[in-house]
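Peer 1: Provided below for reference: sequence and predicted model.
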2 protein chains.
Amino acid sequence: MTTIDNTLRLARAGIDTYRQPVVFMREDCHVCRAEGFAALTRIEVTLGDRSIIATLNVLTDGGWLPSDTAALSEEAWAILQPEPGDRARFSHPEPPESVSAIRAKVYGETLEQDRFDAIVRDVLDRRLSDLDLAAFIAACAGDRLSIAETIALTRSMQAAGETLDWGGADIFDKHCVGGLPGNRTTPIVVSIVAAAGLMIPKTSSRAITSPAGTADTMEVLAPVALDIPALRRVVEAEGGCIVWGGNLALSPADDLLIRIERPLDFDSDGQLVASVLSKKAAVGAKRVLIDVPVGPTAKVRSVETAAALERRLRAVGEAIGLTLSIHQSDGTSPVGNGIGPALEAQDVLAVLRRDKDAPGDLRDRALDLAGALLDLAPEGQATGGRAAAEQLLDSGGAEAKFMAICAAQGGFSEPGEARYHAVVTARANGRLAAIDNRRIARTAKLAGAPRQKLAGLRLLARVGDRIEYGKPLFEIHADTLGELEYARSYAEAQTGIFTIAKDG
Amino acid sequence: MTTIDNTLRLARAGIDTYRQPVVFMREDCHVCRAEGFAALTRIEVTLGDRSIIATLNVLTDGGWLPSDTAALSEEAWAILQPEPGDRARFSHPEPPESVSAIRAKVYGETLEQDRFDAIVRDVLDRRLSDLDLAAFIAACAGDRLSIAETIALTRSMQAAGETLDWGGADIFDKHCVGGLPGNRTTPIVVSIVAAAGLMIPKTSSRAITSPAGTADTMEVLAPVALDIPALRRVVEAEGGCIVWGGNLALSPADDLLIRIERPLDFDSDGQLVASVLSKKAAVGAKRVLIDVPVGPTAKVRSVETAAALERRLRAVGEAIGLTLSIHQSDGTSPVGNGIGPALEAQDVLAVLRRDKDAPGDLRDRALDLAGALLDLAPEGQATGGRAAAEQLLDSGGAEAKFMAICAAQGGFSEPGEARYHAVVTARANGRLAAIDNRRIARTAKLAGAPRQKLAGLRLLARVGDRIEYGKPLFEIHADTLGELEYARSYAEAQTGIFTIAKDG
């Protein structure tokens, strides 16, 4: 019998398709022709004992790809890890097992634990296409996941990654649902809670659509890309840490789903709760504070939406053994003065250092949350946490703890200053009635945040202030003149970022 | 004020991403950096008065792309039509209007006509990402589109393309829902109906997942890639045609949705009905026969499923002014002897030519369908069609009409023979109880169909036949020895393609 040669030499395409494995083949190559592969076909690529399913892009004129060669996107390259000269085998994959579970959910069926397990397993093995994932997310959107299904999905996602074991210690954690620009309470809360002697191994994310994530802000002050042994060393020494969760693989399936959820931008309480609580469980947390800012331009826009989310959080938390405290907070406008990694880091330091011009709203929110966490402790009185938190902050205990955590993570740095500044002023008289969270965030991103750590905004007026024509509203910070002007033209072309109400 | 240069020179990447516009940029280019573009960002690309939204792939090491240049996938290149040296502008797009309609449907709301219109418009303008389309398809899957919504979607899709105007003539058409290998009745039915003096401008598709579409089979016998004026000339001269619908843009939105529906493989009666009937309305048809093969390995697997589909077809047909005749047929096994373009063409010719070994099942099915279409004619007796069809076939009238249609389409060719053949034989004694439509189709594809027109299978045993060990079951036809062996090894490794029941 003739053996069919369905192998090609592998090359690195150097193309980042954001976690979607893609393979590039010449239309005229023998494998494309023999297998009948066409653009967007799903192809199994096997190299030794590793294999992935990738999406095919076809090079119609051969172009930059040598003959007898297939090129891999960065993600496919990273998974298969070819050596120079390696040849991979290309074939039609069997449809992954979980496709039928996704189809069932799309048709409105209720899924059991084993089917969520199958979906999460195939997500991790990159066997599902982005289209399959989008369909799954759409099928779970709104309230189409029941509470029981949310519990099952949470368990599947947790089981798919590592769970940190703290030998029975009571582990605390916090999470904020939905971004509010500048709301960088985490470093302050962790410092207070760790200063109180509790353990809080905090993992945070980098910004994806916002001008700064907690990991971006913290990175201005200390290294955050720790691995699990390093995280453990910091927490065992200091009781707390503030590190980037992205390379800890604590909920790797969630990371892969989020990259599809974000562009789709569907709100799904079920997937949100599974995402948050699976990560908290994976970090080994037992007592978790959830902060839910509510406001018209925040992620959670109404008290009713917040209440439904809270019910689901409580039910799932109970099922997986987490004690939750859920805290609704004011989400009507940005918090603190700075928006952008370094500018927010300056606010955090000002609060910890008890500077007289430290933003009072950031301080208050951090104390509320730290207090609620202290109240969650088994030996807490369930009411005295706020006062204890204030004492730990005012005494300098939290500042000292923060510096010790930074030192343990690799060393503290003072934040720098961006090279260029521009001030945007008011064009009306009145009272500052509202700041649009989404458009102010967009302005900070146009200035370069979070890629440029020093870029962003400093707010010079707060909601409630009397505003006069020409009064500075905020200052743009940027590393290049181009970005400075780019952010300024956007801000000046918008009328609704600041709502100034006539109070004459 | 500084002006930001967000332009890049355009190059052709020569990469076929199957209708998804993709733009490739160097990670270090000034536009990526100033705009904060990252992999998978949606980017608006503007060149003169043309603009598209494309998905970004980032070249991490520059690679094959010169600096100050962005490369476009084939689809993006075709839409923007750049001249050498053209520079395009790259910016963040506003979210398309219909994203909120898709979100509403995902959350279970009922959509009105104007929102389907918005979705279809944005599909055509390539403003929605593949992820958005997958979410929309998932949100409409199963029976989540009401009848009223199906009618609205059908109208939106029809309105988005051309509608052929036949000056009030009564136009006939047929459609078969879901493939059955070898079920190539269309050329025979069109020939009979046109020979009866009725008008039937038939457009057919090429295979996407099957070993042959009607357009592939017909292309063996005559040219099929006609444009609308040519189609009109053929139909005005001969009463009928059998052409490829793919480049007529009769329902262009449907073509774009289908490329996402196929890999997802969700059955959605609503989208199926909208797809079929919008195309029938676009071709100007008034009286349409729908053939629904029902069988365990056919697309429609049960009589109940067929009944629900029929109800929806009838309601939508009535709403948009089509008279439908719906015909359930036996979908338990392949039809005719040949599977693959040329092999099916040989069956079609054998029936038209009244060869004594012409496949009787193909002849019977074609006569049933042609008869039902004749019964749909206003002057028909609603019962005598079958006999009239038989007379037109047996008299040679249908054959003469078919040859005239082929001549009008550009000239008839006799089908050729593949270079290599191999026979697969039975490994048991008994009665042939069933043939698996899906696996027999896969075998034909591995032999090279439909890319190689001469490749495919010829069945040598039919359901009900007595089978003895060693008796030939089917013959594989291929253009290369590699493909021949590839199909043979697959077939020999499968046990369930042919079910041989012990009757001893």
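Peer 2: Alright, I've got the coordinates.
Peer 1: is it true that residue A:472 touches residue A:424?
Peer 2: Yes. Residue A:472 is within contact range of residue A:424, at 7.3 Å (criterion: Cβ atoms under 8 Å). In short, each C-beta sits where N, CA and C put it, glycine included.
Peer 1: who's more crowded, these two?
Peer 2: Ranked by neighbour count (other Cβ atoms under 10 Å in any protein chain shown), residue A:472 and residue A:424 place residue A:424 first, with 19 against 14.
Peer 1: and the residue nearest the centre of chain A?
Peer 2: residue A:205 (4.1 Å; Cα atoms, centre = their mean).
Peer 1: now the helices: where do they sit in the stretch 351-500 of chain A?
Peer 2: Ranges of helices in the stretch 351-500 of chain A, per DSSP state H, counting those that start in this stretch, are A:360-376, A:385-394, A:397-409, A:437-446, A:481-493.
Peer 1: what's the closest of those helices to residue A:85?
Peer 2: Nearest of those to residue A:85, taken as Cβ to Cβ: helix A:397-409 at 41.3 Å.
Peer 1: got the buried residues for the closest one?
Peer 2: A:397-399, A:401-406, A:408-409 (16 or more other Cβ atoms under 10 Å in any protein chain shown).
Peer 1: re earlier: comparing the helices of the stretch 351-500 of chain A, which comes out most buried?
Peer 2: Mean neighbour count (mean count of other Cβ atoms under 10 Å in any protein chain shown) peaks for helix A:437-446 among these, with a mean of 24.
Peer 1: so which elements touch that one?
Peer 2: Identification of packing neighbours for helix A:437-446 by 3 or more Cβ pairs under 8 Å, 6 or more residues apart in numbering or on different chains; DSSP states H and E yields strand A:338-339, strand A:456-459, helix A:481-493.
Peer 1: for these, which one sits closest to residue A:63?
Peer 2: Nearest to residue A:63, of those and by Cβ to Cβ, is helix A:481-493 at 32.6 Å.
Peer 1: quick one: low-confidence ranges for the stretch 1-150 of chain A?
Peer 2: For the stretch 1-150 of chain A, the stretches flagged by pLDDT under 70 are A:1-4, A:34, A:36, A:62.
Peer 1: which parts of it are helices?
Peer 2: Remark: helices assigned in the stretch 1-150 of chain A by DSSP H, counting those that start in this stretch are A:30-35, A:74-80, A:99-106, A:113-124, A:130-140, A:147-159.
Peer 1: can you add mean neighbour count and distance to residue B:230 and give these back as a markdown table?
Peer 2: Formatted as a markdown table, the helices of the stretch 1-150 of chain A follow (neighbours: other Cβ atoms under 10 Å in any protein chain shown; distance: least, Cβ to Cβ, whole Å):
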| stretch | mean neighbour count | distance to residue B:230 |
| --- | --- | --- |
| helix A:30-35 | 19 | 31 |
| helix A:74-80 | 20 | 44 |
| helix A:99-106 | 21 | 41 |
| helix A:113-124 | 21 | 47 |
| helix A:130-140 | 26 | 36 |
| helix A:147-159 | 23 | 55 |
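Peer 1: before we move on, back to that, now do the residue nearest to the centre of chain A against chain B, distance only.
Peer 2: The gap separating residue A:205 from chain B is 15 Å, by Cβ to the nearest Cβ, to the nearest Å.
Peer 1: that residue contacts residue A:244, doesn't it?
Peer 2: Yes. Under the criterion of Cβ under 8 Å, residue A:205 makes contact with residue A:244 at 7.5 Å.
Peer 1: export the helices of the stretch 351-500 of chain A to TSV and tack on mean pLDDT?
Peer 2: Shown next, in TSV, are these (pLDDT from 0 to 100):
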stretch	mean pLDDT
helix A:360-376	96
helix A:385-394	96
helix A:397-409	98
helix A:437-446	89
helix A:481-493	88
